[in-house]
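Trainee: Sharing a model that was predicted from the sequence below.
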Amino acid sequence: MTKLQDFGWNTTWEEKYKIAQASNKLAKTIPGRVLLEHKHSYRVITEQGEWLSSPSGSFQHTAFERRDFPAVGDWVLVEQMPGEEKAIIHAVLPRTSLFSRKVAGLTTAEQLIAVNVDIVFLIMSLNLDFNLRRLERYLIAAWDSGATPIIVLTKKDLCEDVTPFIQQAESVAFGVPIYTVSSFTGEGINELQQLLVDAKTAALLGSSGVGKSSLTNALCGTEVMFVQEVREDDDKGRHTTTHRELFKIPGGGLLIDTPGMREFQLWDQGESLDSSFKDIEELSSQCRFRDCEHKREPGCAVQNAIHEGTLTNERYNSYIKLKRELAYIERKTNAQAQIAERNKWKQVSKTLRQKPQKKR
């Protein structure tokens with residue numbers, strides 16, 4: 001019999017389950033965790049077995065956006081269909097963390113990357129694909145998610161000197177732990193496994209070719225993911241992982257591997273931008289004028305730092321670009337939210353008008 005504790009179930013989730021189950025509609029449901037997401041269904045592990053599950057009609061009717069639907073890592077309340085290895089999903093328990101991004105392209109919509117994770121492993125490779133600007137984006141999204149970010153630098157066996165890479169990562173990741181590992185030699189793998197004892201859950205996040213699938217296999221102690229070689233001309237990889245899946249690893253931890261992301265546009269409008277760029281925020285507080293735009297104003301601490309070389313132009317320009325990007329997303333989502341709310345109440349009014357009136 002499956003023990004939900006092996007998949008991260010604890011007293012906190014038990015309390016959430018009891019609160020949700022108090023509803024009459026959920027009295028017959030049992031909890032389970034989403035292991036794999038298919039196109040219109042999910043693989044859910046419960047104490048009574050692993051079931052292919054789909055959201056109920058009423059669930060879908062009240063779900064207005066992507067984050068309303070289940071995702072890999074979610075704890076859901078399901079009811080088994082009589083005589084079948086299938087179930088109906090009636091509810092999603094409130095999440096402890098949510099990592100998302102804007103979908104690739106011009107569409108303004110959210111894409112869920114990982115939910116209910118304790119740790120986010122931000123994967124960068126020790127080769128030509130090492131990118132500080134991308135790491136800045138990952139850090140902002142990780143802090144906003146509610147999970148703890150940890151930087152993992154892979155392919156240590158292919159790097160003669162890791163020190164310059166660590167120093168660069170430290171320059172943008174204040175206080176964030178940094179690990180260097182090799183999936184080929186196994187160096188550093190045990191240290192990562194130790195971070196996930198007591199059924200903690202981690203998600204691997206990074207672009208194609210950084211070694212996420214190889215790292216997943218190394219952490220799991222067996223080949224659960226297919227691995228492709230990176231291109232020799234630019235050290236970039238092809239998409240190996242095409243879906244999200246939750247795995248158990250030796251020592252009792254859990255791991256969610258995710259598809260590689262070449263494009264990573266921020267979604268959340270939280271306060272983590274200032275936290276991730278606290279060096280610039282601290283400099284801004286030292287400017288002579290409170291409304292300093294950090295251009296040509298006298299007494300600008302930011303421009304002085306750039307002139308003295310303690311702050312790079314690249315980092316400051318990245319900060320400005322990300323700030324504009326978040327402001328744009330906030331304007332677009334606010335407008336969309338207003339439209340969605342109006343459409344929702346239009347539909348409610350239409351439904352009420354169509355209901356037959358009781359005769360007096």
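Mentor: Sure thing, it's come through. Since the structure is predicted, the reported quantities are computational estimates derived from the model, not experimental observations.
Trainee: from the middle of its chain, how far away would stretch 317-331 be?
Mentor: On the basis of C-alpha atoms, centre = their mean, to the nearest Å, stretch 317-331 sits 19 Å off its chain's mean C-alpha point.
Trainee: no wait, stretch 199-208
Mentor: Per C-alpha atoms, centre = their mean, the displacement of stretch 199-208 from the mean C-alpha position of its chain is 8 Å.
Trainee: Likewise for stretch 203-219?
Mentor: Between the centre of stretch 203-219 and the centre of its chain there are 14 Å (C-alpha atoms, centre = their mean).
Trainee: Mind listing what's buried along that stretch?
Mentor: Within stretch 203-219, the residues that count as buried by 16 or more other C-beta atoms under 10 Å are 203-219. All C-beta spots, glycine's among them, are computed from the backbone N, C-alpha and C.
Trainee: Tell me which of the residues you listed fall in strands.
Mentor: Those of the buried residues of stretch 203-219 mapping onto strands are 203-205, per DSSP state E.
Trainee: Could you list every helix and strand in contact with the helix or strand residue 136 falls within?
Mentor: In the assignment (DSSP states H and E), residue 136 maps to helix 132-145. Helices and strands touching helix 132-145, by 3 or more C-beta pairs under 8 Å, 6 or more residues apart in numbering; DSSP states H and E, are strand 98-102, strand 119-125, strand 148-154, helix 163-170, helix 272-276, helix 313-354.
Trainee: Where among these is average confidence lowest?
Mentor: Least confident of those, judged by mean pLDDT, is helix 313-354 with a mean of 66.
Trainee: ok, back up a step: can you tell me which one of the ones in strands among the buried residues of stretch 203-219 sits lowest on pLDDT?
Mentor: Among these, residue 205 carries the lowest pLDDT, at 87.
Trainee: returning to what we had before: so which bits of the helix holding residue 136 are buried?
Mentor: Neighbour counts over helix 132-145 (16+ other C-beta under 10 Å) mark 132, 134-145 as buried.
Trainee: for stretch 23-30, same thing?
Mentor: For stretch 23-30, by 16+ other C-beta under 10 Å, it's 26, 29-30.
Trainee: measure it end to end?
Mentor: For stretch 23-30, the first-to-last residue distance is 13 Å (C-alpha to C-alpha, to the nearest Å).
Trainee: Go ahead and confirm residue 36 touches residue 43.
Mentor: Yes - Residue 36 lies in contact with residue 43 (C-beta atoms under 8 Å); the separation is 3.9 Å.
Trainee: CA-only coordinates of stretch 186-206 in PDB, if you can.
Mentor: Output of stretch 186-206 as PDB, limited to C-alpha atoms (Å, rounded to 0.1, in the frame of the first residue of the first chain):
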ATOM      1  CA  GLY A 186      28.800  11.900  -9.600                       C
ATOM      2  CA  GLU A 187      30.600  14.700  -7.900                       C
ATOM      3  CA  GLY A 188      28.200  16.800  -5.800                       C
ATOM      4  CA  ILE A 189      25.200  14.600  -6.400                       C
ATOM      5  CA  ASN A 190      25.000  13.300  -2.800                       C
ATOM      6  CA  GLU A 191      25.000  16.800  -1.400                       C
ATOM      7  CA  LEU A 192      21.900  17.700  -3.500                       C
ATOM      8  CA  GLN A 193      20.200  14.500  -2.400                       C
ATOM      9  CA  GLN A 194      20.800  15.400   1.200                       C
ATOM     10  CA  LEU A 195      18.900  18.700   0.700                       C
ATOM     11  CA  LEU A 196      15.800  16.600  -0.100                       C
ATOM     12  CA  VAL A 197      15.500  14.300   3.000                       C
ATOM     13  CA  ASP A 198      12.200  14.000   4.800                       C
ATOM     14  CA  ALA A 199      10.300  13.900   1.400                       C
ATOM     15  CA  LYS A 200      11.100  17.500   0.400                       C
ATOM     16  CA  THR A 201      10.200  18.400  -3.200                       C
ATOM     17  CA  ALA A 202      12.500  20.200  -5.600                       C
ATOM     18  CA  ALA A 203      12.000  21.400  -9.200                       C
ATOM     19  CA  LEU A 204      14.800  21.500 -11.800                       C
ATOM     20  CA  LEU A 205      14.700  24.700 -13.900                       C
ATOM     21  CA  GLY A 206      17.000  25.700 -16.700                       C
END
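Trainee: show me what contacts the residue nearest the centre of the chain?
Mentor: Compute the mean C-alpha point of the chain, and by C-alpha atoms, centre = their mean the closest residue is residue 99, 2.6 Å away. Residue 99 makes contacts with 112-115, 117, 120, 141-142, 145, 147, 203, 205, as judged by C-beta atoms under 8 Å, 6 or more residues apart in numbering.
Trainee: out of these, which one sits closest to residue 282?
Mentor: residue 142 (20.9 Å; C-beta to C-beta).
Trainee: The closest one contacts residue 122, correct?
Mentor: Yes - between residue 142 and residue 122 there is a contact under C-beta under 8 Å: 6.3 Å.
Trainee: Show me whatever sits in contact with both of the two.
Mentor: 149, 205.
Trainee: List of residues touching the helix holding residue 136?
Mentor: 97-101, 114, 117, 120, 122, 124, 148-149, 151, 168-169, 171-173, 176, 205-207, 264, 266-268, 270, 272-273, 275-277, 314-315, 318, 322.
Trainee: Also stretch 304-317?
Mentor: In contact with stretch 304-317 (C-beta under 8 Å, 6+ apart) are residues 132-133, 136, 171-172, 277, 279-280, 283, 294, 302.
Trainee: again, 6 Å this time
Mentor: residue 283 (C-beta atoms under 6 Å, 6 or more residues apart in numbering).
Trainee: Can you list the buried residues in it?
Mentor: So for stretch 304-317, counting by 16+ other C-beta under 10 Å, buried means 305-306, 311, 315-316.
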